[in-house]
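Visitor: Based on what follows, work out the 3D shape:
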Amino acid sequence: MKTTHIALTLVTALILSSCGEKAQQRTAPPPPSLKVSNLKKQDITIYKVYATSMEGKQNVEIWPKVSGFVQKIYVEEGQKVKKGQLLFKLETQTLTQDANAAKAAVNVAQVEVDKLVPLVEKGIISNVQLETAKARLAQAKSNYQSISANIGYSNINSPVDGFIGEIPYKEGALVSNAMTQPLTVVSDISSVRAYFSMNEKELLDMKQRMASNGNSLTTDTAPEVELVMINGQTYPQKGKIAMVNNIINGATGSVTLRADFDNPDQLLSSGSTGQIRVPSTYQNVWVIPQFSTVDLQGNKMVYVLHDGDTVSTKPLNIVAQTDTDFIVSEGLDEGTTIVSEGVSKLRDGQTINPVK
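Guide: Numbering: from 1, shown residues only. Below is the predicted model:
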């Protein structure tokens, strides 16, 4: 009886064990179906963006050379003017009176010289007296010419083509070259200069990229840049980097660059702001979507698919990145297949069902 009981117990245990294994086989989840992609090298151009402020080709401050009251203003604020065009006229009544007196002094000195010449020729007086009279005549002429020049300075003309800025002094105002504010500013915006800054590392990276292509960073070899205007639109004409200040600012660790843009339609204004987009071209690289990577101990990794549909992590050598992608220069093989979705829950050695 006891033997029969033991036999029944063993049979029952075997049946239960068999049922448990079958239940486990029925409940074991299948490998996850995840999208994969084959890597192929490519060339890509990415852009770095820098804040910029713009100035006209020339911003010429207009200052009076002589003191006087503003007698007449011939232009309006914002008006387009040509080089040599009359802008302001200062009152010159006092200068005119001084000029008349100086002219009279010249005439008196000339008469004195004319009177002494024949006397010297006849030996009546010494030549010293004549030379002294000639010196007084030269001094009188110089004084007259100086006053006449100042009268000419009362007419103030534009030194360049451009647009008139603010005119803070109105007709009747007393002005002089000791003022703290110019009469106006004439801005030539036929082209504009966009100034921007990049840090020391960014400048070095740009130089190294150009050196890898056999070029050094000069105004002739620098890449064309784009300007994003304050309204978010891209300016239709590309600009050229025209200046690179290679002296690092010790306080900020940055350098200043300048890009020039033609402005035939006067769409850009002096004092405008925007953004400069500087291109960087990477050749023969892999472009890895950021959502296909995981961060393990501070390193970016991808899951590589192997034979048997198992996966393992591989670190990335990232040389640059965009808002959506990482640029990888080495460390991968052409045709490598990586998992392109659902990577956050994977682990090394796991089997998946790859979906092309």
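Visitor: so where's the stretch 51-200 of the chain uncertain?
Guide: Across the stretch 51-200 of the chain, the ranges flagged by pLDDT under 70 are 93-97, 99, 147-150, 152.
Visitor: all strands of it, in order?
Guide: 68-73, 80-81, 86-90, 155-157, 162-164, 174-175, 184-199 (DSSP state E, counting those that start in this stretch).
Visitor: Put together CSV for those strands, with distance to Y303 on each row.
Guide: (C-beta placed from N, C-alpha, C; glycine too.) CSV is the format used below for the strands of the stretch 51-200 of the chain (distance: least, CB to CB, whole Å):
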stretch, distance to Y303
strand 68-73, 74
strand 80-81, 64
strand 86-90, 72
strand 155-157, 73
strand 162-164, 60
strand 174-175, 76
strand 184-199, 34
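Visitor: Including mean neighbour count and distance to V339, could those go into JSON lines?
Guide: Listed next are those as JSON lines, based on neighbours: other CB atoms under 10 Å; distance: least, CB to CB, whole Å:
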{"stretch": "strand 68-73", "mean neighbour count": "17", "distance to V339": "74"}
{"stretch": "strand 80-81", "mean neighbour count": "16", "distance to V339": "62"}
{"stretch": "strand 86-90", "mean neighbour count": "20", "distance to V339": "71"}
{"stretch": "strand 155-157", "mean neighbour count": "17", "distance to V339": "73"}
{"stretch": "strand 162-164", "mean neighbour count": "22", "distance to V339": "60"}
{"stretch": "strand 174-175", "mean neighbour count": "16", "distance to V339": "75"}
{"stretch": "strand 184-199", "mean neighbour count": "20", "distance to V339": "35"}
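Visitor: Helices of the stretch 1-150 of the chain, residue ranges please.
Guide: For the stretch 1-150 of the chain, helices defined by DSSP state H, counting those that start in this stretch occupy the ranges 2-27, 93-121, 127-153.
Visitor: which stretch among the strands of the stretch 51-200 of the chain comes nearest Q42?
Guide: Checking the strands of the stretch 51-200 of the chain against Q42 by CB to CB gives strand 184-199 as the closest, at 26.0 Å.
Visitor: how's this protein carved up into domains?
Guide: Following automatic domain parsing, one gets these domains for the chain: 33-43+284-355, 48-56+190-283, 65-185.
Visitor: Can you pull the phi/psi pair for I125?
Guide: When quoted as degrees, to the nearest 10, the phi and psi of I125 stand at phi -130, psi 170.
Visitor: so how far is K83 from the closest residue to it other than its chain neighbours?
Guide: Nearest non-adjacent residue to I125, counting by CB to CB, 6 or more residues apart in numbering: L119, 4.8 Å away. Distance of L119 to K83, computed by CB to CB, to the nearest Å: 53 Å.
Visitor: Only the buried residues of stretch 236-250, if you could.
Guide: Across stretch 236-250, burial judged by 16 or more other CB atoms under 10 Å covers 237-239, 241, 244.
Visitor: Please provide the alpha-carbon coordinates for it, formatted as CSV.
Guide: What follows is the C-alpha trace of stretch 236-250 in CSV, where atoms were taken according to Å, rounded to 0.1, in the frame of the first residue of the first chain:
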residue,chain,number,x,y,z
PRO,A,236,18.4,85.9,-50.4
GLN,A,237,22.1,86.6,-50.9
LYS,A,238,24.9,84.7,-49.3
GLY,A,239,27.7,86.5,-47.6
LYS,A,240,31.5,86.1,-47.5
ILE,A,241,33.6,86.0,-44.4
ALA,A,242,35.8,89.1,-44.9
MET,A,243,37.6,89.3,-41.5
VAL,A,244,38.8,86.8,-38.9
ASN,A,245,40.4,88.3,-35.8
ASN,A,246,42.9,85.7,-34.7
ILE,A,247,43.6,87.4,-31.4
ILE,A,248,41.6,85.5,-28.7
ASN,A,249,39.8,87.8,-26.3
GLY,A,250,41.2,86.8,-22.9
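Visitor: Please work out the average pLDDT along it.
Guide: Mean per-residue pLDDT for stretch 236-250: 89.
Visitor: Please state the offset of that stretch from the chain centre?
Guide: Put simply, stretch 236-250 sits 6 Å off its chain's centre (CA atoms, centre = their mean, to the nearest Å).
Visitor: Next: stretch 178-194.
Guide: Worked out by CA atoms, centre = their mean, stretch 178-194 lies 20 Å from the chain centre.
Visitor: same thing with stretch 157-169?
Guide: When distances are taken as CA atoms, centre = their mean, stretch 157-169 is centred 26 Å away from the chain's centroid.
Visitor: next one: stretch 47-55
Guide: A distance of 4 Å separates the centroid of the chain from that of stretch 47-55, by CA atoms, centre = their mean.
Visitor: Mind listing residues that contact that stretch?
Guide: Among residues not part of stretch 47-55, those counted as contacts by CB atoms under 8 Å, 6 or more residues apart in numbering are 192-198, 202, 226-228, 259, 268-280.
Visitor: Also stretch 331-343?
Guide: Applying CB under 8 Å, 6+ apart, the set of residues contacting stretch 331-343 from outside is 32, 34-41, 286, 288-289, 291-294, 302-305, 311, 314-317, 346, 352, 354.
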